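> sharing a model prediction with you, sequence too.
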Amino acid sequence: MLAETLAAIRPADPGAIAAARAYQDRLTKPRGSLGALEELAVRLAGAAGTSPPPMPEPAALAIFAGDHGVHTRGVTPWPQEVTVQMVANFLAGGAVANAFAAQAGVPVTVVDVGVAADLPDAPGLVKQKIAYGTDDLSKGPAMSVDQAVRALEAGITVARDLVASGARCLITGDMGIANTTASAALIAVFAGRDPAEVTGRGTGIDDATYQLKVDVVRDALRTNGLSGAMTAPSEALRALAAVGGFEHAALAGFILGGAAARVPVILDGVIAGAAALVAAALDPAATDHCVAGHRSAEPGHTVALDHLGLHPLVDLELRLGEGSGGLLAHPILCAAVRVMHDVATFDSAGVTEKPV
Ligand SMILES: O=C(O)c1ccc[n+]([C@@H]2O[C@H](COP(=O)([O-])O)[C@@H](O)[C@H]2O)c1
Ligand SMILES: Cc1cc2nc[nH]c2cc1C
């Protein structure tokens, strides 16, 4: 399924990009006056292969949840059981993601790809558990390559199912206590950066814990024999298995699945950024279908977005995850595309253009 999905991904269409850019200039507004929204609409046209691009609605949020063996190293102040407790909170509608999703009119799906407990069946819960949490990435591979592929395929399946039910925009969400450590390790590997440059304070840690966290990321890279920027697809799978989480792998699959369906994928924060680096290493064209919803406060997120060449739409110092930043960005995507559907041209409205 992974190979089939990768084979289906098409890069942005230069003809649609050129047509969208030319059309932007005919709309009744000074050229360039919508700033980054114009480029956003042009990118979406390229990704869809048609200008104007289709409206990116309805959207759907998928929150991928997993636990992390590296939790035992003390990289986060939160107990591991908060992951499963927050999954219950998402399903009950009580989390920030639910509030933002209600505001944006976006349905929420929660996917268990690796939480360390069994969950009862519930509406909105998709059970795709690969294992009860990863192994400690600082002691050896977090998971096997086979598990990484199965988690990727779980993400592809969720993307396919949401698109089959009518979603025309996918939003990434994540939940996993300790997952900013795995994110930092992935970003260090895929962007070829030193762990100190890409490790952040996650949910909030003191200076001593921060130092420990950087050392844990360093241990992870050394123990797993990872260094330099990984780009070849076979290396990418090994690196993902070595230092990723099940939610990172599933999110990478979700991105690839959206890209294959030519449906835009709004990336949330640092966990999605790390997953997008994995997806890009498997197929660089996947990035053409991604929009950076926001810039997280985690330093590794900025590194990941720079490496991907993506510009965040919202910059509010959020560091929550769950898809919160992606949800805030969705109305911005809709507005950018609606301009291309609704706004009159100088010709049609009889508005005089500025002399050249
Ligand atoms: O989205 C982000 O950029 C982000 C930044 C910091 C923390 N988080 C969330 O907080 C959890 C991980 O934080 P930590 O400190 O336990 O590694 C996990 O559930 C993430 O969704 C998310
Ligand atoms: C309470 C809480 C909510 C979260 N949502 C995403 N990550 C989280 C981490 C914690 C600790």
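Right, received. Where do you want to start? Ligands and ions are numbered 1, 2, ... in the order given.

> can you pull the buried residues of the worst-scoring helix or strand of the chain on mean pLDDT?
One helix or strand of the chain scores below all others by mean pLDDT, DSSP states H and E: helix 233-243, with a mean of 92. For helix 233-243, burial by neighbour count (16 or more other CB atoms under 10 Å) applies to 235, 236, 237, 238, 239, 240, 241, 242, 243. For the C-beta atoms, the positions are set from N, CA and C on the backbone; glycine is no exception.

> can you check stretch 72-79 too?
73, 75, 76.

> restrict those residues to contacts with ligand 1.
Contacts with ligand 1 within the buried residues of stretch 72-79, counted by CB under 6 Å from any ligand atom: residue 76.

> and which of the buried residues of stretch 72-79 is nearest residue 28?
Closest approach to residue 28 among these (CB to CB): residue 76, at 51.4 Å.

> ok, of the buried residues of helix 233-243, which one's closest to ligand 1?
Nearest to ligand 1, judged by CB to the nearest ligand atom, of those is residue 243 at 13.6 Å.

> next, format the buried residues of helix 233-243 as CSV and append distance to residue 182.
Conversion of those to CSV gives the following (distance: CB to CB, whole Å):
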residue, distance to residue 182
235, 17
236, 15
237, 15
238, 15
239, 11
240, 10
241, 11
242, 10
243, 6
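
> any idea which of those residues is closest to ligand 2?
Nearest to ligand 2 among the buried residues of helix 233-243, with distances taken as CB to the nearest ligand atom, is residue 243, at 19.6 Å.

> for that closest one, which residues are in contact?
Neighbouring residues of residue 243 by CB atoms under 8 Å, 6 or more residues apart in numbering: 137, 142, 182, 185, 186, 189, 220, 221, 224, 226.

> with adjacent residues omitted, what lies nearest to the residue of the stretch 51-200 of the chain at minimum distance from ligand 2?
The stretch 51-200 of the chain approaches ligand 2 most closely through residue 78 (4.4 Å), counting by CB to the nearest ligand atom. Excluding the flanking residues, the one nearest residue 78 by CB to CB, 6 or more residues apart in numbering is residue 177, at 4.9 Å.

> so what's the one you found up against?
By CB under 8 Å, 6+ apart, the neighbours of residue 177 are 67, 68, 71, 76, 78, 79, 80, 82, 83, 203.

> what are the ranges of the strands in the stretch 201-350 of the chain?
Here the stretch 201-350 of the chain has its strands, by DSSP state E, counting those that start in this stretch, at 265-267, 290-292.

> so which of those strands is the most surrounded?
Ranked by mean neighbour count, those are led by strand 265-267 with a mean of 30 (mean count of other CB atoms under 10 Å).

> sheet partners, orientation included, of it?
Applying DSSP bridges to the sheet, strand 265-267 is found paired with strand 169-175 (parallel), strand 290-292 (parallel).

> which of those strands sits most buried?
Each of the strands paired with strand 265-267 was scored by mean neighbour count; the highest is strand 169-175, a mean of 31, by mean count of other CB under 10 Å.

> could you identify the helix or strand that succeeds that one?
Next in sequence after strand 169-175, counting helices and strands by DSSP states H and E, comes helix 179-191.

> buried ones in the helix or strand following that following helix?
Sequence order places helix 195-198 as the next helix or strand after helix 179-191, per DSSP H and E. Using 16+ other CB under 10 Å as the test for burial, helix 195-198 gives 195, 198.

> the stretch 51-200 of the chain against ligand 1: which residues are in contact?
With the criterion set to CB under 6 Å from any ligand atom, the stretch 51-200 of the chain comes near ligand 1 through 76, 78, 174, 175, 176, 177, 178, 179, 180, 181.

> helix, strand or coil for the second one?
Read that as residue 78. coil (DSSP: H, G, I helix; E, B strand; the rest coil).

> in this structure it contacts residue 204, no?
No: taking contacts as CB atoms under 8 Å, residue 78 lies outside contact range of residue 204: 9.2 Å.

> tell me the confidence at residue 232?
Residue 232 carries a pLDDT value of 71.

> okay, it and residue 276: tell me how far apart.
Applying CB to CB, to the nearest Å, the value for residue 232 to residue 276 is 17 Å.

> and those two? which has more neighbours close in?
Between residue 232 and residue 276, residue 276 has the larger neighbour count (other CB atoms under 10 Å), namely 27 against 11.

> poorly predicted segments of the stretch 251-356 of the chain, please.
For the stretch 251-356 of the chain, applying pLDDT under 70 flags no range at all.

> what parts of it come near ligand 2?
Counting by CB under 6 Å from any ligand atom, the residues of the stretch 251-356 of the chain that sit close to ligand 2 are 320, 321, 322.

> which of those residues are buried? Put it as a ChimeraX command.
To isolate the buried members of these in ChimeraX, using 16+ other CB under 10 Å:
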select :320,321,322
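
> go through the residues of the stretch 251-356 of the chain next to ligand 2 and name the one nearest residue 211.
Closest approach to residue 211 among those (CB to CB): residue 321, at 23.0 Å.

> enumerate every residue touching the residue nearest to the closest one when sequence neighbours are not counted.
Using CB to CB, 6+ apart and skipping residues adjacent in sequence, the residue nearest residue 321 is residue 174, 5.1 Å away. By CB under 8 Å, 6+ apart, the contact list for residue 174 reads 63, 64, 65, 247, 251, 268, 269, 271, 272, 321, 322, 323.
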